[in-house]
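[1] What follows is a predicted protein model with its sequence.
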Amino acid sequence: MLQNSKKKICIIVDCLSGGGAEKQAANFSKSLHKYGFEVAIISLKDQITYKYEGELYNLGANESSIKIIKQIQKFFAFKKAYKKCNADIYIDFRSRSRFVMEYLLHKCIFEAKKMVMMVHSYHIKWHIPKGKLFKKIYNNTHSVVAVSEAIEEKLNQVYGFENQVHIPNYITTDKPEEITTLDTQNEYVIAVGRLQNDIKQFDRLIETYHASKLAEKNIKLFICGDGDDKKSLEKLISKLQLQADVKLLGFVENVATYIKNAKYLVLSSRVEGFPMVLIEALQQQTPVIAFDCKSGPSEIIQQKTNGLLVEDQNFANLKDAMLLLIENIDLYMNCKQNAVSSITKFTEQPIIQRWIQLITTE
(Lines give C-alpha, C1' and ligand atoms only; values in the text may rest on other atoms or scores of the structure.)
Protein backbone atom coordinates (compact mmCIF):
# COMPACT_ATOMS: atom_id res chain seq x y z
CA MET A 1 0.00 0.00 0.00
CA LEU A 2 2.85 2.37 0.73
CA GLN A 3 3.86 2.45 -2.93
CA ASN A 4 0.87 4.74 -3.55
CA SER A 5 1.64 7.21 -0.78
CA LYS A 6 3.32 9.72 -3.09
CA LYS A 7 0.24 9.95 -5.33
CA LYS A 8 -2.31 12.61 -4.42
CA ILE A 9 -5.83 12.09 -5.72
CA CYS A 10 -8.48 14.81 -5.70
CA ILE A 11 -12.16 13.89 -6.04
CA ILE A 12 -14.45 16.62 -7.44
CA VAL A 13 -18.14 16.38 -6.47
CA ASP A 14 -21.30 18.45 -6.59
CA CYS A 15 -21.79 17.52 -2.92
CA LEU A 16 -21.38 14.66 -0.47
CA SER A 17 -25.02 14.02 0.31
CA GLY A 18 -28.19 12.45 -1.04
CA GLY A 19 -27.28 10.57 -4.22
CA GLY A 20 -25.64 7.33 -5.25
CA ALA A 21 -22.77 8.98 -7.13
CA GLU A 22 -22.07 11.20 -4.14
CA LYS A 23 -22.09 8.23 -1.79
CA GLN A 24 -19.76 6.35 -4.11
CA ALA A 25 -17.39 9.34 -4.15
CA ALA A 26 -17.33 9.40 -0.34
CA ASN A 27 -16.64 5.66 -0.15
CA PHE A 28 -14.00 6.01 -2.86
CA SER A 29 -12.15 8.61 -0.78
CA LYS A 30 -12.03 6.15 2.12
CA SER A 31 -10.78 3.34 -0.13
CA LEU A 32 -8.03 5.50 -1.65
CA HIS A 33 -6.92 6.57 1.81
CA LYS A 34 -6.85 2.95 2.97
CA TYR A 35 -4.74 1.95 -0.03
CA GLY A 36 -2.08 4.56 0.69
CA PHE A 37 -3.04 7.56 -1.44
CA GLU A 38 -3.17 11.14 -0.22
CA VAL A 39 -6.77 12.29 -0.76
CA ALA A 40 -8.50 15.64 -1.21
CA ILE A 41 -12.12 16.47 -2.09
CA ILE A 42 -13.50 19.58 -3.79
CA SER A 43 -17.24 19.95 -3.13
CA LEU A 44 -19.22 22.65 -4.97
CA LYS A 45 -22.09 22.66 -2.47
CA ASP A 46 -22.21 22.90 1.30
CA GLN A 47 -24.04 19.58 1.60
CA ILE A 48 -21.83 17.14 3.49
CA THR A 49 -23.52 14.18 5.18
CA TYR A 50 -21.57 11.14 3.98
CA LYS A 51 -18.42 10.15 5.84
CA TYR A 52 -15.24 10.68 3.83
CA GLU A 53 -11.45 10.71 4.11
CA GLY A 54 -9.07 13.45 3.06
CA GLU A 55 -8.82 17.23 3.02
CA LEU A 56 -12.13 18.89 2.11
CA TYR A 57 -12.40 22.09 0.06
CA ASN A 58 -16.02 23.14 0.67
CA LEU A 59 -16.79 25.76 -1.99
CA GLY A 60 -20.43 26.06 -0.92
CA ALA A 61 -19.70 27.56 2.49
CA ASN A 62 -20.42 31.29 2.87
CA GLU A 63 -21.53 31.75 -0.74
CA SER A 64 -23.46 34.76 -2.02
CA SER A 65 -27.26 34.59 -2.38
CA ILE A 66 -27.05 36.50 -5.69
CA LYS A 67 -26.78 33.93 -8.48
CA ILE A 68 -24.36 35.66 -10.84
CA ILE A 69 -22.06 36.72 -8.00
CA LYS A 70 -22.20 33.22 -6.55
CA GLN A 71 -21.21 31.67 -9.89
CA ILE A 72 -18.28 34.04 -10.38
CA GLN A 73 -17.07 33.58 -6.81
CA LYS A 74 -17.35 29.82 -7.08
CA PHE A 75 -15.43 29.71 -10.35
CA PHE A 76 -12.46 31.54 -8.83
CA ALA A 77 -12.75 29.53 -5.60
CA PHE A 78 -12.67 26.37 -7.73
CA LYS A 79 -9.54 27.60 -9.53
CA LYS A 80 -7.84 28.41 -6.23
CA ALA A 81 -8.74 25.04 -4.65
CA TYR A 82 -7.63 23.11 -7.75
CA LYS A 83 -4.25 24.86 -7.76
CA LYS A 84 -3.77 24.59 -4.00
CA CYS A 85 -4.67 20.93 -4.02
CA ASN A 86 -1.97 20.23 -6.65
CA ALA A 87 -3.05 16.61 -7.12
CA ASP A 88 -1.54 14.06 -9.47
CA ILE A 89 -5.01 12.99 -10.62
CA TYR A 90 -8.42 14.72 -10.37
CA ILE A 91 -11.47 12.44 -10.59
CA ASP A 92 -14.60 14.39 -11.58
CA PHE A 93 -17.86 12.90 -10.23
CA ARG A 94 -19.97 16.00 -11.02
CA SER A 95 -22.92 16.43 -13.35
CA ARG A 96 -21.49 18.37 -16.31
CA SER A 97 -24.11 19.56 -18.80
CA ARG A 98 -23.50 23.34 -19.02
CA PHE A 99 -21.47 23.97 -22.17
CA VAL A 100 -20.00 27.39 -21.33
CA MET A 101 -19.13 26.56 -17.72
CA GLU A 102 -17.48 23.25 -18.61
CA TYR A 103 -15.55 24.86 -21.47
CA LEU A 104 -14.22 27.54 -19.10
CA LEU A 105 -13.22 24.92 -16.52
CA HIS A 106 -11.25 22.95 -19.12
CA LYS A 107 -9.80 26.11 -20.69
CA CYS A 108 -8.84 27.96 -17.51
CA ILE A 109 -8.50 25.43 -14.69
CA PHE A 110 -8.23 21.76 -15.59
CA GLU A 111 -5.00 20.10 -16.70
CA ALA A 112 -6.28 17.60 -19.26
CA LYS A 113 -3.85 14.75 -18.58
CA LYS A 114 -4.68 14.87 -14.87
CA MET A 115 -8.46 14.63 -15.37
CA VAL A 116 -10.56 11.47 -15.05
CA MET A 117 -14.13 12.14 -16.20
CA MET A 118 -16.79 9.91 -14.60
CA VAL A 119 -20.00 9.08 -16.49
CA HIS A 120 -22.60 7.88 -14.00
CA SER A 121 -25.82 7.89 -16.04
CA TYR A 122 -27.07 6.33 -19.24
CA HIS A 123 -28.20 9.89 -20.06
CA ILE A 124 -24.65 10.77 -21.03
CA LYS A 125 -25.69 14.36 -21.82
CA TRP A 126 -25.78 14.92 -18.05
CA HIS A 127 -22.01 14.38 -18.00
CA ILE A 128 -20.83 15.52 -21.43
CA PRO A 129 -22.05 18.82 -22.94
CA LYS A 130 -23.35 18.48 -26.50
CA GLY A 131 -21.10 19.19 -29.42
CA LYS A 132 -18.01 17.85 -31.19
CA LEU A 133 -15.79 20.12 -29.12
CA PHE A 134 -16.22 18.01 -25.99
CA LYS A 135 -15.36 14.83 -27.85
CA LYS A 136 -11.93 16.37 -28.45
CA ILE A 137 -11.70 17.78 -24.92
CA TYR A 138 -12.59 14.46 -23.24
CA ASN A 139 -10.31 12.52 -25.58
CA ASN A 140 -7.40 14.59 -24.30
CA THR A 141 -8.08 13.82 -20.64
CA HIS A 142 -6.39 11.02 -18.71
CA SER A 143 -9.47 8.82 -19.08
CA VAL A 144 -13.26 8.63 -19.32
CA VAL A 145 -14.77 6.09 -16.92
CA ALA A 146 -18.16 4.46 -17.54
CA VAL A 147 -19.72 2.85 -14.47
CA SER A 148 -21.77 0.29 -16.42
CA GLU A 149 -21.33 -1.84 -19.52
CA ALA A 150 -24.38 -0.21 -21.12
CA ILE A 151 -22.93 3.28 -20.59
CA GLU A 152 -19.62 2.11 -22.05
CA GLU A 153 -21.42 0.79 -25.12
CA LYS A 154 -23.36 4.04 -25.58
CA LEU A 155 -20.20 6.13 -25.24
CA ASN A 156 -18.57 3.97 -27.90
CA GLN A 157 -21.51 4.52 -30.24
CA VAL A 158 -21.77 8.28 -29.71
CA TYR A 159 -18.17 9.38 -29.11
CA GLY A 160 -15.74 6.50 -29.58
CA PHE A 161 -13.35 7.85 -26.96
CA GLU A 162 -9.83 6.46 -27.25
CA ASN A 163 -9.21 6.74 -23.49
CA GLN A 164 -12.41 5.10 -22.28
CA VAL A 165 -12.61 2.39 -19.62
CA HIS A 166 -15.34 0.59 -17.71
CA ILE A 167 -15.06 0.40 -13.92
CA PRO A 168 -18.29 -0.35 -12.02
CA ASN A 169 -19.25 1.07 -8.66
CA TYR A 170 -18.56 -1.13 -5.65
CA ILE A 171 -19.57 -1.75 -2.06
CA THR A 172 -17.38 -1.64 1.00
CA THR A 173 -17.52 -4.11 3.86
CA ASP A 174 -18.13 -1.48 6.52
CA LYS A 175 -20.59 -2.72 9.13
CA PRO A 176 -23.49 -0.35 9.84
CA GLU A 177 -24.43 0.54 13.39
CA GLU A 178 -27.75 -0.85 14.50
CA ILE A 179 -30.70 1.55 14.75
CA THR A 180 -32.34 0.65 18.03
CA THR A 181 -35.51 2.64 17.27
CA LEU A 182 -36.25 0.68 14.07
CA ASP A 183 -39.83 -0.62 14.14
CA THR A 184 -39.65 -4.22 12.94
CA GLN A 185 -43.15 -5.19 14.09
CA ASN A 186 -44.53 -4.50 10.61
CA GLU A 187 -43.19 -6.25 7.53
CA TYR A 188 -42.30 -3.83 4.77
CA VAL A 189 -40.71 -3.47 1.36
CA ILE A 190 -38.37 -0.57 0.71
CA ALA A 191 -37.35 1.90 -1.99
CA VAL A 192 -34.43 4.30 -1.70
CA GLY A 193 -33.47 7.38 -3.69
CA ARG A 194 -33.92 11.07 -4.29
CA LEU A 195 -37.61 12.06 -4.38
CA GLN A 196 -37.55 12.98 -8.06
CA ASN A 197 -40.54 11.46 -9.84
CA ASP A 198 -39.34 12.08 -13.39
CA ILE A 199 -36.39 9.76 -12.72
CA LYS A 200 -37.16 7.55 -9.71
CA GLN A 201 -40.94 7.40 -10.36
CA PHE A 202 -41.91 6.96 -6.72
CA ASP A 203 -45.39 8.24 -7.59
CA ARG A 204 -45.88 5.34 -10.00
CA LEU A 205 -44.39 2.96 -7.43
CA ILE A 206 -46.92 4.06 -4.79
CA GLU A 207 -49.75 3.53 -7.28
CA THR A 208 -48.34 0.10 -8.13
CA TYR A 209 -48.05 -0.78 -4.45
CA HIS A 210 -51.69 0.24 -4.02
CA ALA A 211 -52.75 -1.98 -6.93
CA SER A 212 -50.70 -4.93 -5.65
CA LYS A 213 -52.85 -5.25 -2.50
CA LEU A 214 -49.73 -5.65 -0.37
CA ALA A 215 -51.32 -3.25 2.11
CA GLU A 216 -54.12 -5.76 2.63
CA LYS A 217 -51.46 -8.29 3.61
CA ASN A 218 -50.20 -5.74 6.18
CA ILE A 219 -46.93 -5.23 4.27
CA LYS A 220 -45.90 -1.58 4.30
CA LEU A 221 -43.90 0.47 1.80
CA PHE A 222 -41.03 2.54 3.19
CA ILE A 223 -39.36 5.15 0.97
CA CYS A 224 -36.03 6.61 2.12
CA GLY A 225 -34.79 9.86 0.61
CA ASP A 226 -35.43 13.59 0.31
CA GLY A 227 -36.28 15.68 -2.73
CA ASP A 228 -38.46 18.26 -4.43
CA ASP A 229 -41.39 15.89 -4.96
CA LYS A 230 -42.01 15.12 -1.29
CA LYS A 231 -45.19 17.22 -1.07
CA SER A 232 -46.70 15.75 -4.23
CA LEU A 233 -46.00 12.25 -2.90
CA GLU A 234 -47.65 13.11 0.41
CA LYS A 235 -50.73 14.30 -1.50
CA LEU A 236 -50.82 11.07 -3.51
CA ILE A 237 -50.52 8.97 -0.35
CA SER A 238 -53.43 10.88 1.16
CA LYS A 239 -55.50 10.59 -2.04
CA LEU A 240 -55.06 6.81 -2.07
CA GLN A 241 -55.70 6.65 1.70
CA LEU A 242 -52.37 4.97 2.30
CA GLN A 243 -51.21 7.09 5.24
CA ALA A 244 -50.98 4.02 7.47
CA ASP A 245 -49.18 1.95 4.85
CA VAL A 246 -46.69 4.16 2.95
CA LYS A 247 -44.02 5.96 4.95
CA LEU A 248 -41.75 8.69 3.58
CA LEU A 249 -38.80 8.43 5.96
CA GLY A 250 -36.72 11.26 4.51
CA PHE A 251 -32.94 11.08 4.48
CA VAL A 252 -31.83 8.16 6.66
CA GLU A 253 -28.16 8.26 7.66
CA ASN A 254 -27.94 4.52 8.26
CA VAL A 255 -30.24 3.29 5.51
CA ALA A 256 -28.49 -0.12 5.47
CA THR A 257 -30.34 -1.14 8.64
CA TYR A 258 -33.70 -0.34 7.05
CA ILE A 259 -32.72 -2.26 3.92
CA LYS A 260 -31.54 -5.26 5.94
CA ASN A 261 -34.88 -5.55 7.74
CA ALA A 262 -36.99 -5.17 4.57
CA LYS A 263 -38.60 -8.09 2.76
CA TYR A 264 -37.07 -6.81 -0.46
CA LEU A 265 -35.96 -3.60 -2.18
CA VAL A 266 -37.74 -2.31 -5.28
CA LEU A 267 -36.30 0.05 -7.89
CA SER A 268 -38.80 1.71 -10.24
CA SER A 269 -36.51 4.15 -12.05
CA ARG A 270 -36.96 5.36 -15.61
CA VAL A 271 -33.20 5.55 -16.09
CA GLU A 272 -30.14 4.73 -13.98
CA GLY A 273 -26.38 4.46 -14.30
CA PHE A 274 -25.16 1.70 -12.03
CA PRO A 275 -27.62 1.71 -9.10
CA MET A 276 -25.61 1.23 -5.93
CA VAL A 277 -28.75 0.63 -3.92
CA LEU A 278 -29.22 -2.78 -5.60
CA ILE A 279 -25.83 -4.12 -4.57
CA GLU A 280 -26.18 -2.49 -1.14
CA ALA A 281 -29.44 -4.41 -0.66
CA LEU A 282 -27.93 -7.68 -1.82
CA GLN A 283 -25.01 -7.11 0.55
CA GLN A 284 -27.59 -7.05 3.35
CA GLN A 285 -29.08 -10.36 2.05
CA THR A 286 -32.20 -8.49 0.87
CA PRO A 287 -33.58 -9.61 -2.53
CA VAL A 288 -34.26 -6.95 -5.17
CA ILE A 289 -36.82 -6.13 -7.85
CA ALA A 290 -36.04 -3.64 -10.62
CA PHE A 291 -37.03 -2.56 -14.09
CA ASP A 292 -34.63 -3.64 -16.80
CA CYS A 293 -33.98 0.05 -17.42
CA LYS A 294 -30.90 1.64 -18.92
CA SER A 295 -28.58 0.99 -17.27
CA GLY A 296 -27.21 -1.27 -14.55
CA PRO A 297 -29.97 -3.55 -13.19
CA SER A 298 -29.38 -6.27 -15.80
CA GLU A 299 -25.68 -6.30 -14.85
CA ILE A 300 -26.56 -6.89 -11.18
CA ILE A 301 -29.77 -8.93 -11.03
CA GLN A 302 -29.65 -12.63 -11.84
CA GLN A 303 -33.23 -13.52 -12.65
CA LYS A 304 -34.90 -15.56 -9.89
CA THR A 305 -31.47 -16.13 -8.33
CA ASN A 306 -30.99 -12.90 -6.35
CA GLY A 307 -34.12 -11.03 -7.41
CA LEU A 308 -36.51 -10.22 -10.25
CA LEU A 309 -35.79 -8.19 -13.38
CA VAL A 310 -38.99 -6.71 -14.81
CA GLU A 311 -39.66 -5.59 -18.39
CA ASP A 312 -38.68 -1.94 -18.60
CA GLN A 313 -41.50 0.41 -17.55
CA ASN A 314 -44.10 -2.38 -17.41
CA PHE A 315 -45.83 -1.40 -14.17
CA ALA A 316 -48.36 -4.23 -14.45
CA ASN A 317 -45.47 -6.70 -14.43
CA LEU A 318 -43.86 -4.80 -11.58
CA LYS A 319 -47.04 -5.21 -9.56
CA ASP A 320 -47.02 -8.97 -10.23
CA ALA A 321 -43.34 -9.23 -9.29
CA MET A 322 -43.90 -7.39 -6.01
CA LEU A 323 -46.64 -9.85 -5.13
CA LEU A 324 -44.74 -12.92 -6.37
CA LEU A 325 -41.74 -12.29 -4.12
CA ILE A 326 -44.10 -12.21 -1.13
CA GLU A 327 -46.24 -15.20 -2.00
CA ASN A 328 -43.63 -17.59 -3.44
CA ILE A 329 -41.65 -18.49 -0.33
CA ASP A 330 -39.29 -20.90 -2.11
CA LEU A 331 -38.37 -18.28 -4.70
CA TYR A 332 -37.92 -15.65 -2.03
CA MET A 333 -35.64 -17.82 0.11
CA ASN A 334 -33.57 -18.81 -2.93
CA CYS A 335 -33.01 -15.15 -3.81
CA LYS A 336 -32.17 -14.34 -0.20
CA GLN A 337 -29.65 -17.18 0.11
CA ASN A 338 -27.86 -16.22 -3.12
CA ALA A 339 -27.84 -12.46 -2.51
CA VAL A 340 -24.39 -11.97 -0.99
CA SER A 341 -22.50 -14.44 -3.21
CA SER A 342 -24.00 -12.85 -6.33
CA ILE A 343 -22.16 -9.55 -5.87
CA THR A 344 -18.60 -10.70 -5.10
CA LYS A 345 -17.29 -8.99 -8.25
CA PHE A 346 -18.71 -5.66 -7.05
CA THR A 347 -16.79 -5.57 -3.78
CA GLU A 348 -14.01 -3.14 -2.92
CA GLN A 349 -10.87 -5.24 -3.39
CA PRO A 350 -11.23 -6.28 -7.06
CA ILE A 351 -12.60 -2.89 -8.16
CA ILE A 352 -10.06 -0.73 -6.33
CA GLN A 353 -7.26 -2.70 -7.99
CA ARG A 354 -8.63 -1.62 -11.37
CA TRP A 355 -8.67 1.97 -10.14
CA ILE A 356 -5.10 1.75 -8.88
CA GLN A 357 -3.96 0.44 -12.25
CA LEU A 358 -5.76 3.32 -14.02
CA ILE A 359 -4.58 6.20 -11.86
CA THR A 360 -0.98 5.03 -11.53
CA THR A 361 -0.58 4.61 -15.31
CA GLU A 362 0.86 7.70 -16.98
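    Sure, I can see it.

[2] name the helices or strands packed onto the longest helix seen in the chain?
    Ranked by residue count, the top helix of the chain under DSSP state H comes out as helix 67-85. In terms of contacts (3 or more Cβ pairs under 8 Å, 6 or more residues apart in numbering; DSSP states H and E), helix 67-85 is packed against strand 8-13, strand 38-43, strand 55-58, helix 99-108. The way it works is simple: take the backbone N, C-alpha and C, and place the C-beta from them, glycine included.

[3] Next up, identify which helix or strand I91 is on.
    Element membership for I91, per DSSP states H and E: strand 89-92.

[4] can you check M333 too?
    Judged by DSSP H and E, M333 forms part of helix 329-338.

[5] One more: K23?
    Counting by DSSP H and E, K23 is part of helix 20-34.

[6] Now do the buried residues in that helix.
    20-32 (16 or more other Cβ atoms under 10 Å).

[7] Using a markdown table, please lay out those together with pLDDT and distance to I223.
    Below are the buried residues of helix 20-34 laid out as a markdown table (pLDDT from 0 to 100; distance: Cβ to Cβ, whole Å):
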| residue | pLDDT | distance to I223 |
| --- | --- | --- |
| G20 | 81 | 15 |
| A21 | 87 | 20 |
| E22 | 91 | 19 |
| K23 | 88 | 17 |
| Q24 | 93 | 21 |
| A25 | 95 | 23 |
| A26 | 95 | 22 |
| N27 | 93 | 23 |
| F28 | 96 | 26 |
| S29 | 97 | 28 |
| K30 | 95 | 27 |
| S31 | 95 | 29 |
| L32 | 96 | 32 |
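
[8] Distance to I279 added to the residues you listed, as TSV?
    What follows is the buried residues of helix 20-34, written out as TSV (distance: Cβ to Cβ, whole Å):
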residue	distance to I279
G20	10
A21	14
E22	16
K23	12
Q24	11
A25	16
A26	16
N27	12
F28	15
S29	19
K30	17
S31	15
L32	20
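
[9] Show me which of those residues is closest to I199.
    G20 (11.4 Å; Cβ to Cβ).

[10] Tell me which residues touch that closest one, please.
    Contact partners of G20, counting by Cβ atoms under 8 Å, 6 or more residues apart in numbering, are 120, 169, 193, 273, 275-277.

[11] of all those, which two lie farthest apart?
    Distance extremes for the contacts of G20: the farthest pair is N169 and G193 at 14.6 Å, using Cβ to Cβ.

[12] low-confidence ranges in the stretch 201-350 of the chain?
    Nowhere does the stretch 201-350 of the chain drop to pLDDT under 70.

[13] just the helices in it please.
    Here the stretch 201-350 of the chain has its helices, by DSSP state H, counting those that start in this stretch, at 202-212, 230-239, 255-260, 276-283, 297-300, 315-327, 329-338, 348-359.

[14] Just put those in a markdown table and tack on distance to Q73 and mean neighbour count.
    Below are those laid out as a markdown table (distance: least, Cβ to Cβ, whole Å; neighbours: other Cβ atoms under 10 Å):
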| stretch | distance to Q73 | mean neighbour count |
| --- | --- | --- |
| helix 202-212 | 35 | 21 |
| helix 230-239 | 30 | 14 |
| helix 255-260 | 34 | 21 |
| helix 276-283 | 32 | 25 |
| helix 297-300 | 40 | 21 |
| helix 315-327 | 45 | 18 |
| helix 329-338 | 51 | 15 |
| helix 348-359 | 31 | 16 |
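
[15] rewinding a little: what angle separates the longest helix of the chain from strand 8-13?
    Going by axes from the mean of the first three to the mean of the last three Cα atoms, to 10 degrees, helix 67-85 is angled at 160 degrees with respect to strand 8-13.

[16] Just give me how far helix 67-85 sits from the chain centre.
    In this view, helix 67-85 has its centroid 26 Å away from the chain centroid, taken as Cα atoms, centre = their mean, to the nearest Å.

[17] again, but for stretch 233-252
    With Cα atoms, centre = their mean as the basis, stretch 233-252 stands 24 Å off its chain's centre.

[18] same thing with stretch 69-86?
    The answer for stretch 69-86 is 26 Å, by Cα atoms, centre = their mean.

[19] How about stretch 220-229?
    Mean C-alpha position of stretch 220-229 versus that of the full chain (Cα atoms, centre = their mean) differs by 16 Å.

[20] Closest to A211 out of the contacts of G20?
    The closest of those, once distances to A211 are taken by Cβ to Cβ, is G193, at 20.7 Å.

[21] What about the closest one, how many residues nearby?
    Each residue near G193 was counted by other Cβ atoms under 10 Å, and the total is 23.

[22] same question, A339
    23.

[23] State the distance from the residue nearest to it when sequence neighbours are not counted to E187.
    What sits nearest to A339 in space, not counting adjacent residues and going by Cβ to Cβ, 6 or more residues apart in numbering, is L282, at 4.3 Å. Note on L282: its distance to E187, by Cβ to Cβ, to the nearest Å, is 19 Å.

[24] do the same with E216
    13 Å.

[25] Same drill for the two, tell me which one is more crowded.
    E187 (14 against 8).

[26] what's the burial count for the residue nearest to the more buried one when sequence neighbours are not counted?
    Excluding the flanking residues, the one nearest E187 by Cβ to Cβ, 6+ apart is I219, at 4.9 Å. Neighbours of I219 under the rule other Cβ under 10 Å: 20.

[27] So what sits opposite the residue nearest to E55 when sequence neighbours are not counted in the bridge?
    Spatial nearest neighbour of E55, excluding adjacent residues (Cβ to Cβ, 6+ apart): A40 at 4.6 Å. On the basis of DSSP bridges, A40 is bridged to C10, E55.
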